[in-house]
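> Need a 3D model of the sequence below.
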Amino acid sequence: MSELENKLEISFLVDEISYQLDQKDAEKALEAFTEDAVLNIEEDGHTITSLCSNPAILTELNKRLEFVNYMFHNNGTKNIQVISLDQKATADTSCIIKMASNQATTDEDVYFHDKLIKVNGYWYIVERTIEIITKSIH
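Presented below is the predicted three-dimensional model:
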């Protein structure tokens, strides 16, 4: 497979995760992660959440989604680096997230920093860091 094909697969994977979260389907979104995946959330230069393993990530996502009426991800520019063809890559994606609940609407500008591996022909995220750049609650 070519580098471009690898990049297209990774781009699709990142967008699919966002779509599944918009649908409030955390289980489907987690199919893109390895079983021992790590999820970090950073805000103001500090790690505010660090989770290791799919069950821990699923619990946290479901907890957050429980209070959201709707969520919308607008993924933007991606910078994908294939480190080893058909084996290892990184992806940095900008995203605007809007979340609405009965109490408030939250807008976040974030970067997803992903480390990926390819197993049996499929890309999986082994580590995702969500870097919250700005957050507005109204």
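
> In this structure, mark out all the helices, start to finish.
Along the chain, counting by DSSP state H, helices occupy 3-22, 26-30, 54-66.

> Ok, which of the ones you listed comes nearest residue 101?
Comparison of the helices of the chain against residue 101 by C-beta to C-beta identifies helix 54-66 as nearest, at 9.6 Å. To be clear about C-beta, it is placed using only N, CA and C from the backbone, and glycine gets the same treatment.

> Give the buried residues for that closest one.
Under the neighbour-count criterion of 16 or more other C-beta atoms under 10 Å, helix 54-66 has 54, 57, 58, 61, 65 buried.

> Please name the residues that touch residue 83.
Residue 83 makes contacts with 89, 90, as judged by C-beta atoms under 8 Å, 6 or more residues apart in numbering.

> Would you mind measuring from it to residue 7?
Distance check for residue 83 against residue 7: by C-beta to C-beta, to the nearest Å, it reads 12 Å.

> and residue 100, what are its bridge partners?
residue 70, residue 105 (DSSP bridges).

> What does the pLDDT read for it?
Note on residue 100: pLDDT of 97.

> That one: what's it in contact with?
Taking C-beta under 8 Å, 6+ apart, we find residue 100 in contact with 68, 69, 70, 71, 106.
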